[in-house]
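Visitor: Any chance you can model this:
(chains A, B and C)
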Amino acid sequence: MKDAGPQDAVLEVHDLEKSFGVKGGFLKPAGNPVKALRGVSFELGFGETLGLVGESGCGKTTLGRCVLRAIEPSGGSIQFASSKGKLDLRTLDAKSLRAIRPELQMVFQDPYGSLDPRMTIFELVSEPLRVAGEMSRSQMKARVAELMTIVGLNTGYLNRYPHAFSGGQRQRICIARALATNPRLMVCDEAVSALDVSVKAQILNLLSDLQKEYGIAYLFVSHDLSVVRYISHRVAVMYLGQLVELGTTDELFSAPKHPYTEALLSAIPNPDPDTRSPRISLRGDPPDPTRTSAGCPFADRCAHAQDICTKTPPQWQEINPGHHVACHRAQELSLVGAVT
Amino acid sequence: MQELLSIKDLRVEFDLGRATLNAVNGVNLSLNAGESFGIVGESGSGKSVTAQAIMRIVPNPGKIVNGSIMLNAPGGAEQGSDGGVDLARINTRGGLIRKIRGGRIAMIFQEPMTSLSPVHRIGDQIVEAVMLHRTRDKAEARDIALHYLERMQITNPQQRFREYPFNLSGGMRQRVMIAMGLACDPDLLIADEPTTALDVTVQSQILELLEGLREEMGMSILYITHDLGVVAEVTQRIAVMYLGRIVETGTTRQVLKNPRHPYTKGLIDSFPKLSGARQERLQAIPGNVPVPIGLPWQCGFRSRCPVAIDGKCDTSVPAMTPVEDGHMVRCFHNGDTKEPPLPQAPAPRARRSLFSGGRT
Amino acid sequence: MADNLTLNDDTASNDTSTKAADDYFAASQWSLIRFKFKKHRLAMAGLTILAVLYTLALFPGFFSVNTHNETHTDYILMPPQGIHFVDAAGNFSLRPFVYGVRQEIDDETWEKTYVRDEAVRHPIRFFPQRENENLWGALTLGRHLVGVEAPGVWFPFGTDEFGRCLFSRTIAASQISLFIGIAGVMLSFLIGSFMGGLSGYFGGTIDIAIQRLIEFVLSIPSIPLWMALAAAMPQEWSSTQVFFGITIVLSVVGWANLARVVRGKTLEIREADFVMAARLMGVPTMQIIRRHILPSFASYLIVSITLGVPAMIIAETALSFLQIGIKPPAVSWGVLLQAAQSPNALSQSPWLLIPGAFVVLTVICFNFVGDGLRDAVDPYR
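Guide: Modelled structure (predicted):
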């Protein structure tokens, strides 16, 4: 195996691409397509968490959704080790895709928008079971009650509607629903970002307990690096639709190899006044995803950029076992991590 | 140190028909001139309502039912005999509050689009604000506006001046809104979750700019946030709020390095650490923030507190007790003083009425 | 399975729940809407009045006091007759009565005037002995609810130029006027939700085509279009056929607005996270539409429908008033108002406008109900 990633991958993504056409219409010229994903490759092991970080507009949410075919990727492959063997999700027809949907789940950011307000908690949590169609109603009742216990909710609430619950409780309901069909892969799209600090920790603990118990692999999309550090085994950093760095959490946080990672880490607000690292300010705003550049996409904001950076795109190289980075100067720069 | 703002026993209630939501439950706060102060709390803690009360923009049906909010004159007694004005008492439709809003106190919000008009050019909006409060001369107002846009590190301010808010990215809009707030040279800037909607990289830029401007202009900034990281970066003193009361206050270092209230401790522990080895498990605070309707007269944190004392925490409310110089905490583990009960203790009301309430 | 997981939540916020809270938390969307709607006083008043009007319209023969097509040649253009409890001598009678009427002709101007004949009293009774009709499948009861015994007459709203009882005619006319509104909206709704749903769910070329069609329909001035369509209806059609014809004419224009509402809502809900969640669970498309999308905007549709009815009623009234809609002998409020077309008739017999008051009342009530529903349908805000 060429990298020291997971030995046994539940998900292998190769060269995934997605462009959103800015469609022309009557009397309206077509605009430049937005290249949200520009060839992303990574692997995710069974029971592993891969954190996916980056600024808004970097394509991390699109990546999470493309992996589940919630939106259609434009190119690449998505190998998923389902219970029925290895499948390429990208080319799967609608019927076979529906058949393995139970093994792929998603938890959304907004616990208010992702629960149909017109359904009771029982209807919501049992919907994936109903769709799978393998259970009788009484079996479903027992399973839903079990799920409620697993996520720490009172089973007496089953006939209530979502409006009766706080944000944290709703997120537990979403997790119960995602858990219903024993998924192998769960994409958590900013799953704790909308929650209060004290509730956030509860949900993070719940997610990590569930992973230990059921061996679910998480693709954990978040902009919050301290949360990602807690939950992830490995972390991937995205910039302008590409991965710029991927490594184990400890290595990436303590010894980043990409200047963008370094800048991100230094920007994390740290509540501990004693362990503050010097701030590296990035110039400008997150870039425009319609833009194409000849060289490194980060060159115009990078403090270490040289001539080569604006001319040649950097290679995705393995700098240490399991630690990949796309930077011309990765070998020579010595960058500062967040953890001292 | 000169005191700029002094809040005494502030209470704000929302009358929801069959029940009363006690959003702010007796807040005492003192803010010095030129100081950077943070109010930290979760949703439902009353931190935003406190800020809205200072600006007198508490949304209906909220009402200030008790307390005073004294805004002292900047350079002494030039504005009146006592030199100050009680914001809790003044007419919300009068000319005085309009002068104070924007002129002496400016406020910026989480979502800048709510305070920028989408149909007017950015420059015109700032100029309008400056002309309301600082100068009547249009050319001068324009110079001031440009100066602050530049000061907020907005690239190419001459051109941005003529653009509309929707042309800008989230970070740029937030800078424009701050520039607009600062252009009138306020004594106090209230920043209500100013960076929550922004990326960390942009957040750190904006916080840095704000702090630089605060020192340069000698104004005070009151940060309202749920993010301990943000207050740790920028504030000198903080107050932690829970269920409408301040439970702990002191210098930022005192509170964050030596928290004395179980809630503050819980908040800090539940925050995933950036230093040291990765944690196996986060120390979460159990339970959820209760809805502040018809709550019994007891310590607000009792229902989630790991160290609650039976017969004490459930029957009385602890008073703020000093534990070190400037560090006060509201917990019976740090002293026995009780809060005197309210003249008429609020009768427990039916929970039913929280239907129309809802969280903010 | 997972008993070893100890997860601690869910203690503080909901442990104080009472029976009432429990009812509320387990309340469905519709019960929340009802809860809020009931608090809207104007809407409740409007709903009550509409209920009364529709009940009258369902059984016109029963609630009228005369047969609506019967001509009383002795009583042409007679003003409304008042109900009395106390007679000229000051005697009180618990049973209300009307006085008899005599026609007198002015010797010089030849003008007819009706003079109250206080010697004759016709008591108003329940189920009087009186001729009745069977109107349009309404319940055949054979009797009027109230009235006076023949040969006495009672015209609560007066009579028209043929001596027909305006009250009975107004009630008979309400049948067509009130139900054509509903029928028209229902048909518009069927067309509109089909076209709007197609447009919103599939998007693309279908969407563009339907959008242009809607714009085209809405850009045609409606009155001339109706007039053209109504004029195209064969003269020999029966009243029933004309009724359905007019319904279709009204819907041809009415569906466009509803289609827009449906399209907008479909677009909005199609993008909602919970629809995405359902798709990711593998819920088939038709089930997503049926279980998630349709219920989400059912409440909005009901509002649109409620607010669409009065427009239909007004349109029918206008068409019939212009003599191109419902035609006599069938009666609708518009048909009745034809009699009030000349200024002369109006100044001499203003009571001929009473059917117009019914149109106004109905339209206002529908608007109140629609407003109330609109406020109530979003219990989650």
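Visitor: distance between the ends of stretch B:185-201?
Guide: 27 Å (CA to CA, to the nearest Å).
Visitor: and that stretch, anywhere near chain A?
Guide: Yes. Stretch B:185-201 reaches chain A (CB under 8 Å from any CB of the partner chain) through B:199-201. Yep, even glycine has a C-beta here, placed from its N, CA and C like the rest.
Visitor: chain center to that stretch: distance?
Guide: With CA atoms, centre = their mean, to the nearest Å as the basis, stretch B:185-201 stands 10 Å off its chain's centre.
Visitor: Then stretch A:266-280?
Guide: The answer for stretch A:266-280 is 24 Å, by CA atoms, centre = their mean.
Visitor: First-to-last residue distance for that stretch?
Guide: 6 Å.
Visitor: Repeat that for stretch C:71-88.
Guide: 30 Å.
Visitor: Check which residues of that stretch are buried.
Guide: Applying a neighbour-count criterion of 16 or more other CB atoms under 10 Å in any protein chain shown, the buried positions in stretch C:71-88 are C:75-79, C:81, C:84.
Visitor: Could you list the residues in contact with that stretch?
Guide: Residues from elsewhere that reach stretch C:71-88 (CB atoms under 8 Å, 6 or more residues apart in numbering or on different chains): C:66, C:92-94, C:96-99, C:101, C:103, C:112, C:114, C:118, C:121, C:124, C:153-166, C:348-349, C:351.
Visitor: Go through the residues you listed and flag which are in strands.
Guide: Assigned to strands by DSSP state E, the following of those qualify: C:92-94, C:96-99, C:101, C:103, C:112, C:114, C:118, C:121, C:124.
Visitor: mean confidence score for stretch B:259-273?
Guide: Average pLDDT, stretch B:259-273: 91.
Visitor: Find me whatever residue is spatially closest to the residue of the stretch 201-350 of chain C found nearest chain A, sequence neighbours aside.
Guide: Closest contact between the stretch 201-350 of chain C and chain A, by CB to the nearest CB, is at C:Gly282 (3.3 Å). Leaving aside its sequence neighbours, C:Gly282 sits nearest to A:Arg101 (CB to CB, 6 or more residues apart in numbering or on different chains; 3.3 Å).
Visitor: Is that neighbour in a helix, a strand, or coil?
Guide: State at A:Arg101, reduced to three classes by DSSP: H, G, I helix; E, B strand; the rest coil: helix.
Visitor: I'd like the distance from stretch B:279-287 to the chain centre, please.
Guide: Distance, centroid of stretch B:279-287 to centroid of chain: 27 Å (CA atoms, centre = their mean).
Visitor: Likewise for stretch A:291-304?
Guide: Counting by CA atoms, centre = their mean, stretch A:291-304 is centred 24 Å from the centre of its parent chain.
Visitor: Name the residues of it that are buried.
Guide: Going by neighbour count (16+ other CB under 10 Å), the buried part of stretch A:291-304 is A:295-299, A:301-302, A:304.
Visitor: Just put these in CSV and tack on pLDDT, distance to chain C and secondary structure.
Guide: Shown next, in CSV, are the buried residues of stretch A:291-304 (pLDDT from 0 to 100; distance: CB to the nearest CB, whole Å; DSSP: H, G, I helix; E, B strand; the rest coil):
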residue, pLDDT, distance to chain C, secondary structure
A:Gly295, 87, 36, coil
A:Cys296, 90, 34, coil
A:Pro297, 88, 29, coil
A:Phe298, 90, 31, coil
A:Ala299, 88, 35, helix
A:Arg301, 86, 32, helix
A:Cys302, 88, 36, coil
A:His304, 89, 40, coil
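Visitor: quick one: which two of those are the most distant?
Guide: Using CB to CB, the buried residues of stretch A:291-304 reach their maximum pairwise distance at A:Pro297 and A:His304, which is 14.5 Å.
Visitor: so where's the longest helix in chain A?
Guide: Across chain A, the longest stretch assigned as helix under DSSP state H is helix A:197-214.
Visitor: quick one: that helix near chain C?
Guide: Yes. Against chain C, helix A:197-214 shows contacts by CB under 8 Å from any CB at A:202, A:205-206, A:209-210, A:213.
Visitor: Of the residues you listed, which is the nearest to B:Ile293?
Guide: Among the residues of helix A:197-214 next to chain C, and counting by CB to CB, the member closest to B:Ile293 is A:Gln202, at 23.0 Å.
Visitor: any idea how far the closest one is from B:Pro306?
Guide: 14 Å (CB to CB, to the nearest Å).
Visitor: hmm, back to that, what is the mean pLDDT for the longest helix of chain A?
Guide: Rounded mean pLDDT across helix A:197-214 is 92.
Visitor: Might you report the residue contacts of residue 47?
Guide: Here I'm looking at chain A. A:211, A:215-217.
Visitor: I was thinking of chain B, sorry if that wasn't clear
Guide: Contacts of B:Lys47 (CB under 8 Å, 6+ apart): B:39-41, B:224-225, B:241.
Visitor: tell me the pLDDT at it?
Guide: Confidence score, pLDDT, at B:Lys47: 92.
Visitor: Equivalent analysis for B:Arg349, please.
Guide: 47.
Visitor: Same question for A:Ala194.
Guide: 84.
Visitor: thinking it is in contact with A:Gln109, fair?
Guide: Yes. Using CB atoms under 8 Å, A:Ala194 makes contact with A:Gln109 at a distance of 5.6 Å.
Visitor: Next secondary structure after the host helix or strand of B:Leu29?
Guide: When elements are assigned from DSSP states H and E, B:Leu29 belongs to strand B:20-32. Next along the chain after strand B:20-32, taking DSSP H and E as the criterion, comes strand B:36-40.
Visitor: can you give me the strands in chain A?
Guide: A:9-20, A:34-45, A:49-53, A:75-82, A:85-88, A:104-107, A:185-189, A:217-221, A:234-239, A:242-248, A:317-320, A:323-325.
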